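# Would you be able to build a 3D model of this:
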Amino acid sequence: MHILQINGSARLNGSHSTRVADAIVARLRERHPDASLTLRDLARDPHPVLDEAALTALFTPAAQRTPEQAARVALDDALIAQLQQADVIVLGVPMYNFGVSVQIKSWLDAVIRAGETFRYGANGPEGLVTGKKVYVGLARGGIYRDTPNDAQVPHLKGVFGLLGMTDVEFIYAEGVKMGPEREAAAFDEVAAQIDGAVV
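Model (predicted):
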């Protein structure tokens, strides 16, 4: 088993979502001692945002790209290769202003590519990244699970579904900004969720 861990917090230290992702990976490695791990911390090693220069590079045929364009596309290629090579993907996803962090958004923009990770078929988009297990460790300051204010889970389900990854487990740390007792309870709940979800 090869695990790909993506930490999506803007924080270098003290991230609740990274703590959840680390706990998921620790349990996976307990149950699969021979598992290997690739860790991508997007705070320490940020991926560039999708801008006009990146779009121009991506839509320029490979043989016609400038060296700068080729280098920019290669950054996305590397993330796609990591995703394709993984058996299990673990993401640490904080909630910032009801959405995912720019770090996670930039990672998603890099790995969602027509012809590489999905394709347009006769019946619409078809995912090409299949046979993966995905664990998403969510950290929220308040309580959002199963409420109209949870925009993250529908978004991530849709994105992963587009890519062909439909075996997705969400692990929730909620209320982590509602006082020390609630934070401690949130991580007790995380441990229980991991016990039930991680195989």
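
# all strands for the protein, in order.
Using DSSP state E, the strands of the chain run over 2-7, 36-41, 88-94, 118-121, 124-127, 133-140, 167-174.

# Quick one: distance of the fourth one to the chain centre.
Read that as strand 118-121. 21 Å (CA atoms, centre = their mean, to the nearest Å).

# for the last one, same thing?
On the basis of CA atoms, centre = their mean, strand 167-174 is displaced by 12 Å from the centre of the chain it belongs to.

# Send me it as CSV with only the CA atoms.
Coordinates of each C-alpha in strand 167-174 appear next as CSV, following Å, rounded to 0.1, in the frame of the first residue of the first chain:
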residue,chain,number,x,y,z
ASP,A,167,-14.8,5.5,-1.9
VAL,A,168,-14.4,8.6,0.3
GLU,A,169,-14.6,8.7,4.1
PHE,A,170,-14.9,12.1,5.9
ILE,A,171,-13.5,12.4,9.4
TYR,A,172,-14.7,15.4,11.3
ALA,A,173,-13.1,17.6,14.0
GLU,A,174,-15.7,20.2,14.7
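
# by contact count, what packs against it?
Helices and strands touching strand 167-174, as assessed by 3 or more CB pairs under 8 Å, 6 or more residues apart in numbering; DSSP states H and E, comprise helix 16-31, strand 133-140, helix 152-163, helix 180-197. (Each C-beta comes from the backbone N, C-alpha and C, glycine too.)

# now do 10 Å
helix 16-31, strand 88-94, strand 133-140, helix 152-163, helix 180-197 (3 or more CB pairs under 10 Å, 6 or more residues apart in numbering; DSSP states H and E).

# what's the angle from the third one to helix 180-197?
Orientation of strand 133-140 against helix 180-197 (axes from the mean of the first three to the mean of the last three CA atoms, to 10 degrees) gives an angle of 170 degrees.
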